[in-house]
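Student: give me a 3D structure for the following:
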Amino acid sequence: MHPTSTYALSASCQQITAESFDASAGTADITIRSCIADPCLWPVIRDHKCNGVNLTPSGLYGDMATTVTKYILSKLHPNSEHTGSERLGLNVADMHVEKTLIADNPQTPEGQWIEMKAHFAGPNVTSPIHCTISQVQPNGTRMHDLAHCTVHPELETSWHADWAPMTPLILTQIQSLESRSRAEATGNIRTVHKAKAYELFKSFVEYDGKYQAMTSVIYSTQPLEATATLSITASAVLRDLAGPYHLDGSCHLSGFLCNAADEDSKKNAYISHGWDSARISSKFQPEGDGVLRNYVRMIPEGKDVLGGTVWVLQGDEIVGVWEGVRFKRIPRRVLNVFLPPPKVRKTY
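Tutor: The predicted structure follows:
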C-alpha cells in the first residue's frame, strides 16, 4: 500500500501509470490506477454494502472522474477554475455501471485494483472528458470494464440560472411534505430519524460511517416523494477522500425512497446503475451556513423502473441537482444469484 504522501493525485487516484498531453491540439490521455485495500480508500468500500456484500460505489467513480478532470485542466488550462469572472463546474454525466466490483473482505495483501482511463477531447476548456473504469490485476492486466461516464466542464452561472425558476416549486414541495407529516395520520406518509432511516435502508443497502448523511426523512408513498435533512461531519469534509461521501450522501435519498416505500421489499429490491447528470456547485458547503437538505419525487419509467431528479438545497438555494436517477426493481431471488449474500457461519 502507499502512504498518503505518495499519492499521485488523491486516495482515489493513487498512481498515474501513463499520461500524454498534446498542448497544440489541447488533448490529453491519462491512466490512473488505485488499490482499494489502501487504508484511506478501503473505508469507502467497506462501509458500502449491497445485499450484505461490499461493493465499489458509483460515488467513488464520480470522485475519480472529477479528480482526473481537475488534473487535466490544470495542465492544459492552468486558470480554468475560473473562466473570466465565472466559476467552472464539473457535470459528471452519463454514469453507467456495467458490472459491480465485489470487494473481498478482508482484502488480500496485494489487494484488488481499479483503473481509470480518461481522454480529454479538447481543445476548449469546456470540451468533454470521457472516462472508463475497469478492474485490473495488480500488474495492470485488464480484467473487465466496470463503468463509464463523461465529465462536462460548464459555467456554474448557467446551472444556477437553470435552477432558479425551480426553487419556489421545490421549496413548496418540501413545505407540503412537512405539513402533511404533522397533519396526516395515515400510512401514506412517515417521518423517520437517522437510526430508523438506515435500518430501513439496510434491507438492501447498508451504509456505515460517514455515508450516513440523512438525519431525518419525511417520505410519502402517494405520491412517491421525500425530503431529508443532511449532515456531513467536519472529519468527512477535511479528510483526503471526502468526495464519495458527499456525492452519495447528497443523492441516496432516492434509493431510500424506492426501497423503503416498496410494499414487497422482502421480495424485491431497487438497484441503481448510474445517472444522467450530476451537477454539484461550489455553493454546496456541508459546513457552511444554512440547513442542508434534499428533495426527490420518483415516477414510473417503464416496467419495474422508477426515475427522478434529486434537488440539493443549502438554506433556500439549490446548490446541486442529480438528473436521470433510475432504479430497477429486481426480485431478491434473482439478486441473490448475481450478488450472493455472504454465508452465515453456523455456531453450535
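Student: can you give me the strands in the stretch 101-250 of the chain?
Tutor: In the stretch 101-250 of the chain, the strands defined using DSSP state E, counting those that start in this stretch lie at 113-120, 129-136, 142-155, 189-193, 205-207, 214-221, 224-230.
Student: now the third one, how far from the chain's geometric center?
Tutor: When distances are taken as Cα atoms, centre = their mean, to the nearest Å, strand 142-155 is centred 13 Å away from the chain's centroid.
Student: now do the first one
Tutor: Counting by Cα atoms, centre = their mean, strand 113-120 is centred 18 Å from the centre of its parent chain.
Student: now the strands of the stretch 101-250 of the chain in TSV, with mean neighbour count?
Tutor: In short, each C-beta sits where N, CA and C put it, glycine included. Compiled in TSV, the strands of the stretch 101-250 of the chain are given as follows (neighbours: other Cβ atoms under 10 Å):
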stretch	mean neighbour count
strand 113-120	22
strand 129-136	21
strand 142-155	18
strand 189-193	17
strand 205-207	21
strand 214-221	21
strand 224-230	23
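Student: nearest to Asp316, out of those?
Tutor: Between Asp316 and the strands of the stretch 101-250 of the chain, the tightest spacing by Cβ to Cβ is seen for strand 224-230, at 13.4 Å.
Student: can you give the distance from that closest one to the centre of its chain?
Tutor: With Cα atoms, centre = their mean as the basis, strand 224-230 stands 17 Å off its chain's centre.
Student: next: stretch 101-117.
Tutor: If you compare the mean C-alpha spot of stretch 101-117 with that of the full chain, they lie 19 Å apart, counting by Cα atoms, centre = their mean.
Student: and for stretch 9-24?
Tutor: The gap between where stretch 9-24 is centred and where its chain is centred comes out at 22 Å by Cα atoms, centre = their mean.
Student: buried residues in it?
Tutor: Buried residues in stretch 9-24, counted by 16 or more other Cβ atoms under 10 Å: Leu9, Ser10, Ala11, Ser12, Cys13, Gln14, Gln15, Glu19.
Student: can you give me the end-to-end distance of that stretch?
Tutor: 25 Å (Cα to Cα, to the nearest Å).
Student: okay, the strands of the stretch 101-250 of the chain in CSV with mean pLDDT and distance to Ile174 next?
Tutor: Compiled in CSV, those are given as follows (pLDDT from 0 to 100; distance: least, Cβ to Cβ, whole Å):
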stretch, mean pLDDT, distance to Ile174
strand 113-120, 98, 36
strand 129-136, 98, 34
strand 142-155, 97, 26
strand 189-193, 94, 13
strand 205-207, 91, 23
strand 214-221, 96, 9
strand 224-230, 97, 5
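Student: for His77, which of these is the nearest?
Tutor: Distance to His77, taken as Cβ to Cβ, is lowest for strand 142-155 among the strands of the stretch 101-250 of the chain, at 8.8 Å.
Student: sheet-wise, list the partners of the closest one with their directions.
Tutor: strand 86-97 (antiparallel), strand 129-136 (antiparallel) (DSSP bridges).
Student: ok, now which ones touch Asn268?
Tutor: Asp262, Arg329, Ile330, Pro331, Arg332 (Cβ atoms under 8 Å, 6 or more residues apart in numbering).
Student: filter those down to the buried ones and hand me the PyMOL line.
Tutor: Entered in PyMOL, the line below selects the buried ones among the contacts of Asn268, by 16+ other Cβ under 10 Å:
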select buried, resi 262+329+330+332
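Student: just the ones in strands from the contacts of Asn268, please.
Tutor: Of the contacts of Asn268, the ones assigned to strands by DSSP state E are Arg329, Ile330, Pro331.
Student: test my guess that the last one contacts Lys267.
Tutor: Yes. The pair Pro331 and Lys267 qualifies as a contact (Cβ atoms under 8 Å) at a distance of 6.4 Å.
Student: buried residues, the lengthiest helix in the chain. List them.
Tutor: Assignment by DSSP state H gives helix 58-76 as the longest helix of the chain. Residues 58-73, 76 are the ones in helix 58-76 that count as buried (16+ other Cβ under 10 Å).
Student: send the alpha carbons of stretch 108-121 over as CSV?
Tutor: Output in CSV follows, covering the C-alpha atoms of stretch 108-121 (Å, rounded to 0.1, in the frame of the first residue of the first chain):
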residue,chain,number,x,y,z
THR,A,108,-5.7,-9.9,0.4
PRO,A,109,-2.2,-8.4,0.9
GLU,A,110,-1.9,-7.5,-2.8
GLY,A,111,-5.4,-6.0,-2.8
GLN,A,112,-7.9,-5.5,-5.6
TRP,A,113,-7.2,-2.8,-8.2
ILE,A,114,-9.2,-0.4,-10.3
GLU,A,115,-8.1,1.6,-13.2
MET,A,116,-9.5,4.7,-14.9
LYS,A,117,-8.6,5.8,-18.5
ALA,A,118,-9.6,9.4,-19.3
HIS,A,119,-9.5,11.1,-22.7
PHE,A,120,-9.8,14.9,-23.0
ALA,A,121,-11.1,15.6,-26.5
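Student: so Asp145 versus Ile114, what's the distance?
Tutor: 11 Å (Cβ to Cβ, to the nearest Å).
Student: just Leu171 next, same as before
Tutor: Leu171 sits 39 Å away from Ile114, taking Cβ to Cβ as the criterion.
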